[in-house]
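Engineer: Sequence plus the predicted model coming up.
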Amino acid sequence: MFEIGRICMKTAGREAGKFCVVIGKKEDDFVTVTGPRIVTDVRRRKCNVRHLEPVPVKINVKDGATDTEVMNAYEKDKVYEKLKLVKPTAEDMKLAEEAAARHKEKVSEKPKKEHKKAEHKKEEHKTGKKEEKPKEHRKIDHKVEKKKVEHKKKEAPKKKPAAKKATKKKAKK
């Protein structure tokens, strides 16, 4: 039912009501979908099949197809007209490609973080001795002695007894 190339409508999430195409199967209940983002504003992602409604339109794409391949298949199979989608302009395509290139550069520039905890555990395992953590990793006790400050309780000022008002009964007599 959710074979590769099947166009679906998303029914849940922030992309609900938008068209996407299945480009890969992940597990029994999950597939990989893409819009592509420039066409339908649906990002490439893993999606639960319960959140998809299949449409009776299918395109011819391979497993793991790129967004450009999907857009070419949309045009070849006249999906833009069938689903009334707006075809992206050449300028939009150029901007999307530049953004993708910038993203790839950012991802490749980021150095991978080394996990210091994992290094310590490896050393413990090799030597059989528990290694003392360096000072910078030690947990510092921040026990601060609380100064006992005795507050003098302010006594409420004594109220003067209120003068009794003459009641109406006494006034009538």
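Structural biologist: Everything's here; your move. Numbering: from 1, shown residues only.
Engineer: per-residue confidence averaged over the helix or strand harbouring Cys20?
Structural biologist: Per DSSP states H and E: Cys20 is located in strand 19-25. Here strand 19-25 scores 94 as its mean pLDDT.
Engineer: and if you look at stretch 30-48?
Structural biologist: Rounded mean pLDDT across stretch 30-48 is 92.
Engineer: Run through who's touching it.
Structural biologist: With CB atoms under 8 Å, 6 or more residues apart in numbering as the contact definition, stretch 30-48 has outside contacts at 2, 8, 10, 12, 15, 18-26, 29, 49, 52, 64, 67, 70-71, 74, 85-88, 92-93, 96. Glycine gets a C-beta too; all of them are placed from N, C-alpha and C.
Engineer: The same query, at a cut-off of 6 Å, please.
Structural biologist: For stretch 30-48, the surrounding residues in contact (CB atoms under 6 Å, 6 or more residues apart in numbering) are 2, 15, 18-20, 22-26, 29, 67, 70-71, 85, 88, 92, 96.
Engineer: Make a ChimeraX selection of whichever of these turn out to be buried.
Structural biologist: Buried residues among the contacts of stretch 30-48 (16 or more other CB atoms under 10 Å), as a ChimeraX selection:
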select :15,18,19,20,22,23,24,67,70,71,88,96
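Engineer: Hmm, Ile59 is touching Gly5, no?
Structural biologist: Yes - using CB atoms under 6 Å, Ile59 is in contact with Gly5, at 4.9 Å.
Engineer: Much appreciated, bye for now.
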